[in-house]
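*Asks:* Got a predicted structure here, sequence first:
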Amino acid sequence: MGRLDELDLSLRLNAAEEADRLSVAQKRLLQLRLLAGGLLGEPEKLGPPLCVVFEGWDASGKGGCIKRLVAPLDPRHVRVAEFAAPTYDEKRHHFLWRFWPALPGWGGMAVLDRSWYGRVLVERVEDFATKEQWTRAYDEIVAFESMLAAEGMVIVKLWLHLSEEEQLKRFESREHDPLRRWKLTDEDWRNRRRRKAYEHAVDDMLDRTDHDGGRWTLVEAENKRWARVKVIETVVASLERGLEQNGMHVRAIPPAK
């Protein structure tokens, strides 16, 4: 998995390289999803659930990556769920309760824009959870994901990382663009001022929740093109392994024309 400070943020692709690799990966993902959904290969045999969890810095490009990840797929075959602060009613339950309805079943796929990791990130840093609550949450999350993985779910966890300098450039770009200004909030600026605290929380999260049933993939997001390609290629590779482990021979799929 590595560490945040070990990532090579100079990695980048040009427009032609991005287009070529995205095209190949998107076609492959479509093939794999049709196989997993019982629409290609053995009739009515479903593949494992696929859950892609996006976490990362504000303005790290999660939305653009999600857009390109789901672009080749029929909207009926993938669910994208976005999670913000819990509502009053959701706070009355265990913090994991509100995520259950978004999880995919066999043959399904879900993409989560933010997730249960808010408990050990924003809720920890901003004191929305007590120290006892966020401290025990690491083991609760690992147990939760391990249970899902034991039932066959393929869990892909992505942290999109960019430098403080690049984040500031993107904030300022949004601030001066009337059509994108809505993406920038006072909360984004406040989170940026507390970046060191968030970095400590991210390091702890990666260290304590990387496990066999849910490995973290760190995505170098300084260059958006690189990040988009790495995300979809990571998902493709993970789904291929999941299908193979369930006796579904992905190499037998004919290439797309």
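*Replies:* Ah, there it is. Numbers count the residues shown, from 1 in each chain.
*Asks:* Can you give the contact residues for the lowest-mean-pLDDT helix or strand in the chain?
*Replies:* Least confident helix or strand, the chain: helix 186-193 with a mean of 87, by mean pLDDT, DSSP states H and E. Here helix 186-193 makes contact (CB atoms under 8 Å, 6 or more residues apart in numbering) with 58-59, 122, 164, 167-168, 171, 198. Where you see a C-beta, it was placed from the backbone N, CA and C, and this is true even at glycine.
*Asks:* Would you reformat the residues you listed as JSON lines and include secondary structure?
*Replies:* JSON lines is the format used below for the contacts of helix 186-193 (DSSP: H, G, I helix; E, B strand; the rest coil):
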{"residue": "58", "secondary structure": "coil"}
{"residue": "59", "secondary structure": "coil"}
{"residue": "122", "secondary structure": "helix"}
{"residue": "164", "secondary structure": "helix"}
{"residue": "167", "secondary structure": "helix"}
{"residue": "168", "secondary structure": "helix"}
{"residue": "171", "secondary structure": "helix"}
{"residue": "198", "secondary structure": "helix"}
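*Asks:* Quickly check those for the two that are furthest apart.
*Replies:* Using CB to CB, the two most remote members of the contacts of helix 186-193 are 122 and 168, lying 19.7 Å apart.
*Asks:* So between these two, which is more surrounded?
*Replies:* residue 122 (18 against 12; other CB atoms under 10 Å).
*Asks:* Would you confirm that the more buried one contacts residue 128?
*Replies:* Yes - counting by CB atoms under 8 Å, residue 122 touches residue 128, with 6.8 Å between them.
*Asks:* Can you pull up the most central residue in the protein?
*Replies:* With distances taken as CA atoms, centre = their mean, the residue of the chain nearest its centroid is residue 54 (2.2 Å).
*Asks:* Quick check: that residue is in a strand.
*Replies:* Yes - under three-state DSSP, residue 54 falls within a strand.
*Asks:* confidence score at residue 208?
*Replies:* pLDDT recorded at residue 208 is 98.
*Asks:* how about the strands of the chain, start to end?
*Replies:* Shown for the chain, the strands assigned by DSSP state E span residues 50-56, 79-82, 109-113, 154-161, 216-220.
*Asks:* Looking at those, spot the one closest to residue 238.
*Replies:* Here strand 154-161 is closest among the strands of the chain (CB to CB), at 4.8 Å.
*Asks:* Tell me which strands the closest one pairs with, and in which orientation.
*Replies:* Strand 154-161 pairs in its sheet with strand 50-56 (parallel), strand 216-220 (parallel), by DSSP bridges.
*Asks:* Among these, which comes closest to residue 242?
*Replies:* strand 50-56 (7.0 Å).
*Asks:* Please enumerate residues in contact with the closest one?
*Replies:* Against strand 50-56 from outside (CB under 8 Å, 6+ apart): 33, 36, 62, 65-66, 69, 103-104, 108-115, 117, 121, 148, 153-162, 219, 221, 235, 238-239, 242.
*Asks:* again with stretch 168-176
*Replies:* Contacts for stretch 168-176 (CB under 8 Å, 6+ apart): 58-59, 162, 180-181, 183-184, 188-189, 192.
*Asks:* Going through the residues you listed, which ones are buried?
*Replies:* Buried by 16 or more other CB atoms under 10 Å: 58-59, 162, 184, 188, 192, out of these.
*Asks:* Go through those and say which is closest to residue 28.
*Replies:* Proximity of the buried ones among the contacts of stretch 168-176 to residue 28 (CB to CB) peaks at residue 162, which lies at 26.6 Å.
*Asks:* Might you report the residue contacts of that closest one?
*Replies:* 9, 56-57, 59-61, 170, 221-222.
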